[in-house]
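Novice: just a sequence and a predicted model for now, questions to come.
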Amino acid sequence: MLKLNNISKTFNKESINEQKLFNNFSLNIEDGDFISIIGSNGAGKSTLLNLISGSIEVDEGSIVLNGMDITNEGEYERCRRISRIFQDPSMGTNPSMTIYENLSMAKNKGKRFGLSFLIDKEDEEYFKESLKVLGLNLEDKLNTPISQLSGGQRQSLALIMAVMGNPEVLLLDEHTAALDPKTSEIIMDITSRIVEERNITTIMVTHNIEHAIKYGNRLIMLHMGRKTVDIEGDTKSSLTKEELLSLFKNVSDKSLFV
Amino acid sequence: MQEFLLGVVQQSLIFSIAVMGIYISYEILKFADLSADGSFTLGASVSAILIIKGVNPFIALIFSMLAGAIAGAITGILNVKLKIQDILSSILVMVGLYSINLRIMGRANLPLFAEYNIFSKGNILFTIIILASISVVFFTLFYKTKLGYLLKGIGDNENMIISLGINTGAIKIFAISLSNAFIALSGGILAQYQGFSDINMGTGIMIMGLASIIIGFNLFRKLNLANSSILCILGTLIYRTSIALSLKIGFNPSDLKLISSIIVIIALSLGSGKGMFKKKKILMEEKDKSISKLKKVGSENA
């Protein structure tokens, strides 16, 4: 269970551009939740993920993951329990290494990276099994360097690698936004299958309203660092695109007069 | 002539150990580490002073490596912890090392001719080959380890390594440390080989390393020698040979710096595929291709 308690975050403090994004923001995420977060540009979606993953620090408040306060942990320390997939498909993998090498690195996550050899021939079956889930025939390309893969293939691989270490939380930062519509659907489908299968607590930021409605059990709309919509369960599953768009419009219209 | 060749091969093999070290920072980490010039001399001066004090020359080399590792670690710490830009932190260390090296040696030049060193017994070339081989085997094995892959990964996509829960800062410090340890080892060996240590002997090592790496990788990449250390050796051999030849055909030793700069420029321009001549050639080829394509389409249409 992930808890954000009274988070505050101000950018460009004490300057003319000072921007208070989050003020006393709290969020309670239950185990196994799959949350979609939508909101206009600058609403704080990516900042929220950055705060959780530790790539930026909170000014005030605390972040508690499964009973452990991780507020003061560095990004790399949090990464042991939190996996993240970025919008840019090249962020999640090592381009000059092969699929096999990348998977071997991911498999060793959380263990020591010492002087023992990385490549273990016995992993081959396991890797092939893991890649078969994707249905992209990557299992036949184990020795292909990542640089020769397409964005969609890289993103799928990044997904497999991200869940390999059994993370407690999976952060998806518009992870299908850089892909073409068809690939984007495939990756979303794979994502939801993997997340469901493994029951990983997931937070997904997306600009795709349809994805936000179709996937996940809870939907949060952010606007200027505040939750303007937070629905789950049956309300969420009966939500239509029109309803959500009107909610969206409502919020953005109002903001013109704030 | 034979003596000339032998000398070139011996020196190349000694320098190639430094090149393997420079390879870590330049090619793997993409870290602009200019402190190589300082740590090379550091290795030489540590070896020289210890040998004069009567320490076993092999043990002196180990201390050279340790000193180099410390210098590298300082560069790394300046960059990682104090967030000083990579090139600047290495320049700061290089400048500081100049004074330290003078302090270690006590003066600008320390002769070792009379001392017992690693080349006193046995065949000189054989000893050098053994030392270079040890370095090659070490790096070949090291790059296959998990730690070795972390190094490669940090240069490739640091973000991905962070996502593995790795403190990439610490790994970087270690890597620059390792790099400078081998640069210093090379300096220590060279001091024993030429029989003296000199405050200026490290000047230009960085450029030599870059040139050798670029030459080695551009010329021999197609040989499919997956071993980077052997490519380093081949590159150094070619670089040192061309330098030695330019001396032989009558250039002044004072011209050497300019010559090495020109060699690096040529190697770089060839390597990027945008070299003056290559570009023209590629353009011509493309032109030919498109013309023949047009002709083909034309003939099909006809």
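Specialist: Everything's here; your move.
Novice: now do the strands in chain B.
Specialist: For chain B, the strands defined by DSSP state E occupy B:109-111, B:196-198.
Novice: quick one: A:Leu4 is in a strand?
Specialist: Yes - assignment of A:Leu4 by DSSP: H, G, I helix; E, B strand; the rest coil places it within a strand.
Novice: so what's the residue in chain B positioned nearest to chain A up against?
Specialist: For chain B, the residue closest to chain A is B:Gly165, as judged by CB to the nearest CB, at 3.6 Å. To be clear about C-beta, it is placed using only N, CA and C from the backbone, and glycine gets the same treatment. Each residue near B:Gly165 by CB atoms under 8 Å, 6 or more residues apart in numbering or on different chains is listed here: A:76-77, A:79-80, A:109-110, A:165.
Novice: again, 6 Å this time
Specialist: A:76, A:79-80 (CB atoms under 6 Å, 6 or more residues apart in numbering or on different chains).
Novice: now A:Ala177
Specialist: By CB under 6 Å, 6+ apart, the contact list for A:Ala177 reads A:Gln87.
Novice: apply 8 Å and report the result again.
Specialist: When contacts are counted by CB under 8 Å, 6+ apart, A:Ala177 is found next to A:87, A:184, A:206-208.
Novice: please list only the buried members of those residues.
Specialist: Neighbour-count burial (16 or more other CB atoms under 10 Å in any protein chain shown) applied to the contacts of A:Ala177 gives A:87, A:184, A:206, A:208.
Novice: surely the second one meets A:Thr176?
Specialist: In this case it means A:Ser184. Yes - using CB atoms under 8 Å as the test, A:Ser184 is close enough to A:Thr176 to be in contact (4.0 Å).
Novice: what sits in contact with each of those two?
Specialist: Shared contacts of A:Ser184 and A:Thr176, defined by CB under 8 Å, 6+ apart, comprise A:Asn208.
Novice: quick check: phi and psi on A:Phe25?
Specialist: Phi and psi for A:Phe25, reported as degrees, to the nearest 10, are phi -90, psi 130.
Novice: now the closest residue to it other than its chain neighbours: how far from A:Ser55?
Specialist: Using CB to CB, 6 or more residues apart in numbering or on different chains and skipping residues adjacent in sequence, the residue nearest A:Phe25 is A:Ile7, 4.5 Å away. A:Ile7 is 15 Å from A:Ser55, where distance means CB to CB, to the nearest Å.
Novice: looking at the two, which has the bigger crowd around it?
Specialist: Using other CB atoms under 10 Å in any protein chain shown as the criterion, A:Ile7 and A:Ser55 rank with A:Ile7 on top: 24 against 17.
Novice: name the helices or strands packed onto the strand or helix carrying the more buried one?
Specialist: A:Ile7 belongs to strand A:2-11 when assigned by DSSP states H and E. Counting contacts by 3 or more CB pairs under 8 Å, 6 or more residues apart in numbering or on different chains; DSSP states H and E, strand A:2-11 packs against strand A:19-29, helix A:45-53, strand A:60-65.
Novice: in TSV: those, plus mean pLDDT and mean neighbour count.
Specialist: Converted to TSV, the helices and strands packed on strand A:2-11 look like this (pLDDT from 0 to 100; neighbours: other CB atoms under 10 Å in any protein chain shown):
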stretch	mean pLDDT	mean neighbour count
strand A:19-29	90	17
helix A:45-53	91	22
strand A:60-65	93	17
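Novice: re the thing from before, ok, the contacts of A:Ala177 vs B:Ala32, which is closest?
Specialist: A:Gln87 (29.2 Å; CB to CB).
Novice: and that closest one, what's its pLDDT?
Specialist: Here the pLDDT value assigned to A:Gln87 is 90.
Novice: now it, what are its backbone angles?
Specialist: A:Gln87 adopts backbone torsions of phi -70, psi -40, taken as degrees, to the nearest 10.
Novice: tell me how far it lies from chain B.
Specialist: For A:Gln87, the distance to chain B (CB to the nearest CB, to the nearest Å) stands at 12 Å.
Novice: so that residue sits right up against A:Ala178, yeah?
Specialist: Yes - between A:Gln87 and A:Ala178 there is a contact under CB under 8 Å: 5.5 Å.
Novice: for the stretch 151-300 of chain B, give me the ranges with low pLDDT.
Specialist: For the stretch 151-300 of chain B, the stretches with pLDDT under 70 are B:224-226, B:271-300.
Novice: up against chain B, what does the stretch 101-250 of chain A have?
Specialist: A:101, A:104-106, A:108-110, A:112-119, A:162, A:165 (CB under 8 Å from any CB of the partner chain).
Novice: so A:Pro167 makes contact with A:Asn66?
Specialist: No - look at A:Pro167 against A:Asn66 with CB under 8 Å: they stay out of range, at 11.5 Å.
Novice: show me which of the two is the more surrounded one.
Specialist: The neighbour comparison of A:Pro167 against A:Asn66 (other CB under 10 Å) goes to A:Pro167, with 23 against 13.
Novice: contacts only, for that one.
Specialist: A:Pro167 sits next to A:81-83, A:200 when contact means CB under 8 Å, 6+ apart.
Novice: between these, which is nearest chain B?
Specialist: A:Ser83 (6.7 Å).
Novice: before we move on, back to that, now tabulate the contacts of B:Gly165 in JSON lines and tack on distance to chain B and secondary structure.
Specialist: Listed next are the contacts of B:Gly165 as JSON lines, based on distance: CB to the nearest CB, whole Å; DSSP: H, G, I helix; E, B strand; the rest coil:
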{"residue": "A:Tyr76", "distance to chain B": "5", "secondary structure": "helix"}
{"residue": "A:Cys79", "distance to chain B": "4", "secondary structure": "coil"}
{"residue": "A:Arg80", "distance to chain B": "4", "secondary structure": "coil"}
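Novice: reformat these as TSV; add pLDDT.
Specialist: Supplementary listing: those in TSV, determined by pLDDT from 0 to 100:
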residue	pLDDT
A:Tyr76	89
A:Cys79	90
A:Arg80	88
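Novice: close to chain A: what parts of the stretch 51-200 of chain B are there?
Specialist: Close to chain A, as judged by CB under 8 Å from any CB, the stretch 51-200 of chain B has residues B:142, B:144-150, B:152-153, B:156-157, B:159-160, B:162-168.
Novice: among these, name the buried ones.
Specialist: Buried residues within those, counting neighbours by 16+ other CB under 10 Å: B:142, B:145-150, B:152-153, B:156-157, B:159-160, B:162-166, B:168.
Novice: and the residues you listed, which of them are in helices?
Specialist: B:142, B:146-150, B:152-153, B:156-157, B:159-160, B:162-163, B:168 (DSSP state H).
Novice: perfect, I'm done here.
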